[in-house]
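[1] the following comprises the amino acid sequence and a computationally predicted model.
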2 protein chains.
Amino acid sequence: MNERTTAELENLRGLIDGVDQQLIHLLRKRLDLVAQVGAVKHGAGLPIYAPQREAAMLAKRREEAKKMDVSPQLIEDILRRLMRESYLNEKDIGFKQVNPDLGHVVIVGGSGKLGGLFSQMLVLSGYQVKVIDKDDWARADEIFDGAGLVLVTVPIGITCDLIKDKLTTLPQSCILADLTSIKGEPVEAMLAAHSGPVVGLHPMFGPDVGSLAKQVVVVCHGRQSAEYQWLLEQIQIWGARIVEAEPERHDKAMQLVQAMRHFSSFVYGLNLYKEEADIESLLQFSSPIYRLELAMVGRLFAQSPELYADIIFAQKESMQAIGDYLDNYSQALSLLQVGDRDAFVAQFKEVAQWFGDFAPQFQRESRAMLQSVNDMKTG
Amino acid sequence: MNERTTAELENLRGLIDGVDQQLIHLLRKRLDLVAQVGAVKHGAGLPIYAPQREAAMLAKRREEAKKMDVSPQLIEDILRRLMRESYLNEKDIGFKQVNPDLGHVVIVGGSGKLGGLFSQMLVLSGYQVKVIDKDDWARADEIFDGAGLVLVTVPIGITCDLIKDKLTTLPQSCILADLTSIKGEPVEAMLAAHSGPVVGLHPMFGPDVGSLAKQVVVVCHGRQSAEYQWLLEQIQIWGARIVEAEPERHDKAMQLVQAMRHFSSFVYGLNLYKEEADIESLLQFSSPIYRLELAMVGRLFAQSPELYADIIFAQKESMQAIGDYLDNYSQALSLLQVGDRDAFVAQFKEVAQWFGDFAPQFQRESRAMLQSVNDMKTG
């Protein structure tokens, strides 16, 4: 590199430094303004996530960017990233308390991660939260006395028994709710144990989400829904979306969405181990898409084996779905073994047709994700 | 919402509009400055992607952000997204031509997507590119006459036969290279057909990448590497990273990375179809992680069945890996069927231990990706 090139690059990089300084200032300013919006919304009890408003704002910015010859997708991506930051910061302000007259909340299993998250959100919304864990049952009467809401969040395997054994003498007006990832049996157990309001909830996210904005909570109605309507509103104020479902339909979907998927990821990891794969070298050869897929498998093994065992063993019916996959795999493999490429292509086309418009939609979505993955690369 | 709230929100949103206008201006300015850096680099023949320089710049910005009470991760994510945009724009400038004395380039199968991408990159770097496709073989002598590089990019199934049949009379000094996703047989076929320089390349990315920045190209050396050194340099100037590998080691990794993975995704889609799953309702119940996984499966079916058949049927050895997976799946399923939760947990722990530090690393990586997925949600 000659001296002139070096000097030119140095000069340009100095100018870029200056622009980035201004950029950081501007980000700070925007975060502050959005925090003020959050405070006003908080005062008025408005939900923090307003999809239509957000879409309208982004559409406007895309237009403005086009006029400046800036890619509309660039400004949209940057603003979405900024909005995530703002949602995270909402927690610092707290949330409107929808039901100030509620007695205290008892979280059964509150020392678990998901229980901890709900406890935090409830406290940030002005509720008094008590936790009952394994060692606290001697004081149960005292803890439940005057409770307005009891939220059960213990491992799936013991949820129903705990409800049957320990939650039969709650105050009549108290709401009984659970956060278990299956809904049929727990909701039935709650209805049997308690004669007051009952509702089943399934938060469709892990406890490590920074914010509930845009997350989904499935609701299975139990009894006296008017009494717990405030709770659903409260959850929406935290930014989450409520999706209502029949317990059976929910549980059927979970067999495919959770049990089957987790199981096949588990086997994929197991298979790599048995094949004595060299992860380092797999990564070296990996396109962004495979790196992403490997990460999705590997992340499983950074988490609790018991949690996954709970999810996979929770429903007997899951085994059917898991077994069906084996049959399909085995049949498809036989096409390979006899070298029947045409039959493979025909079957591929059949599935593609079934996916219909979802296939190209998924391709677009995943392309955006893969670009993000590539952005993160450092080597 | 009362009048005062409305007025306050309107006022704040007006201020945010103003900040966003400034933001768009600043983005335009930064893109222009980076384009100037690109032009200087282009003139000096420097690669567009400089990992160390990028890491140092990001570290500096993170520090500056901290001082302004802006999250370091926020500024890093935004700058990475901006850098992607800049890499895309590099194409408008063109690239340094490393070997101006080369005769023209012939791309065999140049009307395919990957051939098109390489053709575009070569033209942007000042090379003359001719394409030879199915109907052009009558004019082959004329097209190959004086060629400095012949790049083969036809479907895997016909690569070796084409090399054997049609590429035996290239000019002695001409470089023969291929872009096939397996390397053992094609490199051997090239070495047998041509006595001049030979090199096998495997670009580890699809033809829809906007830019080669940070992408990987695997290189399997064939013969007379000094003669094609310029080509590897050229690829690096486009922003890609060169990873050298023995053909066998590469092909073995591809059995797991490509054949096995694509096959199990194919079966996953097939299984959803056979189970008559309702995609709409699966999506409704989906956490970000499952939405991502479903998208990774669905994207397969938006693409060419022949391409996937080619990849899966390319290596006989892949069938072994695919069959091993079946065995592991079947064994793990039997643990479920007898309800042996403890054995499942024990095996999970064994695999987790084998993943070692990769598991938490993958968890961190995927968390960042899942946050991006959540950012994209609109509903």
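    That came through fine.
[2] longest helix in chain A, please.
    Taking DSSP state H as the criterion, chain A has its longest helix at helix A:3-44.
[3] quick one: the following helix or strand past that one to chain centroid distance?
    Where DSSP states H and E defines the elements, the next helix or strand beyond helix A:3-44 is helix A:51-67. Offset of helix A:51-67 from its chain centre (C-alpha atoms, centre = their mean, to the nearest Å): 26 Å.
[4] name the residues of helix A:51-67 that come out as buried.
    Buried residues in helix A:51-67, counted by 16 or more other C-beta atoms under 10 Å in any protein chain shown: A:E54, A:M57, A:L58, A:R61, A:R62, A:E64, A:A65. Glycine gets a C-beta too; all of them are placed from N, C-alpha and C.
[5] any regions of chain A where pLDDT drops low?
    A:1, A:377-379 (pLDDT under 70).
[6] partner strands of the longest strand belonging to chain A, with direction?
    Using DSSP state E, we find that the single longest strand of chain A is strand A:216-223. Using DSSP bridges, the strands paired with strand A:216-223 are strand A:198-203 (antiparallel), strand A:241-244 (parallel).
[7] pull the CA atoms of the longest one into PDB?
    Output of strand A:198-203 as PDB, limited to C-alpha atoms (Å, rounded to 0.1, in the frame of the first residue of the first chain):
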ATOM      1  CA  VAL A 198     -59.600 -21.100  36.200                       C
ATOM      2  CA  VAL A 199     -57.400 -20.300  33.100                       C
ATOM      3  CA  GLY A 200     -54.600 -22.200  31.400                       C
ATOM      4  CA  LEU A 201     -51.700 -20.200  29.900                       C
ATOM      5  CA  HIS A 202     -48.800 -21.300  27.700                       C
ATOM      6  CA  PRO A 203     -46.200 -18.600  27.100                       C
END
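[8] pull the residues that contact that strand.
    Contacts to strand A:198-203, defined as C-beta atoms under 8 Å, 6 or more residues apart in numbering or on different chains, come from residues A:114, A:118, A:175-183, A:186-187, A:190-191, A:215-225, A:228, A:231, A:235, A:240, A:247, A:250.
[9] what do you get if the cut-off is 7 Å, keeping everything else the same?
    A:114, A:175-181, A:183, A:186-187, A:190-191, A:217-223, A:228, A:247, A:250 (C-beta atoms under 7 Å, 6 or more residues apart in numbering or on different chains).
[10] next: stretch A:302-322.
    By C-beta under 7 Å, 6+ apart, the residues outside stretch A:302-322 that reach it are A:155-157, A:181-182, A:251, A:255-256, A:258-260, A:262-263, A:266, A:300, B:275, B:333, B:336-337, B:341, B:344-345, B:348-349, B:359-360, B:362-363.
[11] and that stretch, how far apart are its ends?
    Start-to-end span of stretch A:302-322 (C-alpha to C-alpha, to the nearest Å) is 23 Å.
[12] list the buried residues of it.
    Across stretch A:302-322, burial judged by 16+ other C-beta under 10 Å covers A:302-303, A:305, A:307-315, A:318-319, A:321-322.
[13] check stretch A:368-379 too.
    A:M369, A:L370, A:Q371, A:S372, A:V373, A:N374, A:D375, A:M376, A:K377.
[14] pretty sure A:E188 is in a strand, no?
    No - looking at A:E188 with DSSP: H, G, I helix; E, B strand; the rest coil, it is helix, so not inside a strand.
[15] filter the buried residues of stretch A:368-379 by proximity to chain B?
    Taking C-beta under 7 Å from any C-beta of the partner chain as the test, chain B is in contact with A:M369, A:Q371, A:S372, A:V373, A:N374, A:D375, A:M376, A:K377 out of these.
[16] looks like the fourth one contacts B:S366 (just checking).
    No - with the criterion set as C-beta atoms under 7 Å, A:V373 and B:S366 do not qualify as a contacting pair; they are 9.5 Å apart.
[17] so the longest helix of chain A, near chain B or not?
    Yes - for helix A:3-44 and chain B, the contact criterion (C-beta under 7 Å from any C-beta) is met by A:5, A:8-9, A:12, A:15-16, A:19-30, A:33-34, A:36-37, A:40, A:44.
[18] quick one, which of these are buried?
    Neighbour-count burial (16+ other C-beta under 10 Å) applied to those gives A:8-9, A:12, A:16, A:19-20, A:23-24, A:26-27, A:29-30, A:33-34, A:36-37, A:40.
[19] and stretch A:80-98, how far out from the chain's middle?
    Stretch A:80-98 sits 16 Å away from the centroid of its parent chain (C-alpha atoms, centre = their mean).
[20] whoops, I mixed them up, stretch A:356-363
    22 Å.
[21] ok, and does that stretch reach over to chain B?
    Yes - interface with chain B: stretch A:356-363 contributes A:F358, A:A359, A:P360, A:F362, A:Q363 (C-beta under 7 Å from any C-beta).
[22] which of these has the most neighbours?
    A:F362 (24 neighbours; other C-beta atoms under 10 Å in any protein chain shown).
[23] relative to B:G14, how far out is A:V34?
    For A:V34, the distance to B:G14 equals 13 Å [C-beta to C-beta, to the nearest Å].
[24] likewise for A:L294?
    Per C-beta to C-beta, A:L294 is found 47 Å from B:G14.
[25] between the two, tell me which one has more neighbours.
    A:L294 (25 against 10).
[26] quick check: what element follows the host helix or strand of that one along the chain?
    Following DSSP H and E, one finds A:L294 within helix A:288-298. Remark: after helix A:288-298, the chain's next helix or strand is helix A:305-313, criterion DSSP H and E.
[27] just checking, next helix/strand downstream of that next one?
    helix A:316-337.
[28] pull the residues that contact the helix or strand just after that following helix.
    Going down the chain from helix A:316-337, the next helix or strand is helix A:341-355, by DSSP H and E. Contacts with helix A:341-355, where a contact means C-beta under 7 Å, 6+ apart, come from A:335, A:359, B:266, B:269-270, B:273, B:298, B:301, B:305-306, B:308-309, B:313.
[29] ok, of the residues you listed, which one's closest to A:G109?
    Distances from A:G109 to the contacts of helix A:341-355, taken as C-beta to C-beta, are shortest for B:G298 (35.7 Å).
[30] got a list of what that closest one touches?
    Contacts of B:G298 (C-beta under 7 Å, 6+ apart): A:F355, A:F358, A:A359, A:F362.
[31] need the max-distance pair from those residues.
    Using C-beta to C-beta, the pair of those lying farthest apart is A:F355 and A:F362, separated by 7.7 Å.
[32] tell me the helices and strands packed up against the helix or strand that A:F263 is a member of.
    Element membership of A:F263 [criterion: DSSP H and E] is helix A:261-274. For helix A:261-274, the helices and strands in contact under the criterion 3 or more C-beta pairs under 7 Å, 6 or more residues apart in numbering or on different chains; DSSP states H and E are helix A:288-298, helix A:305-313, helix B:316-337, helix B:341-355.
[33] turn the strands paired with strand A:216-223 into a markdown table, columns for distance to B:L149 and mean neighbour count.
    Output for the strands paired with strand A:216-223, formatted as a markdown table (distance: least, C-beta to C-beta, whole Å; neighbours: other C-beta atoms under 10 Å in any protein chain shown):
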| stretch | distance to B:L149 | mean neighbour count |
| --- | --- | --- |
| strand A:198-203 | 57 | 25 |
| strand A:241-244 | 55 | 15 |
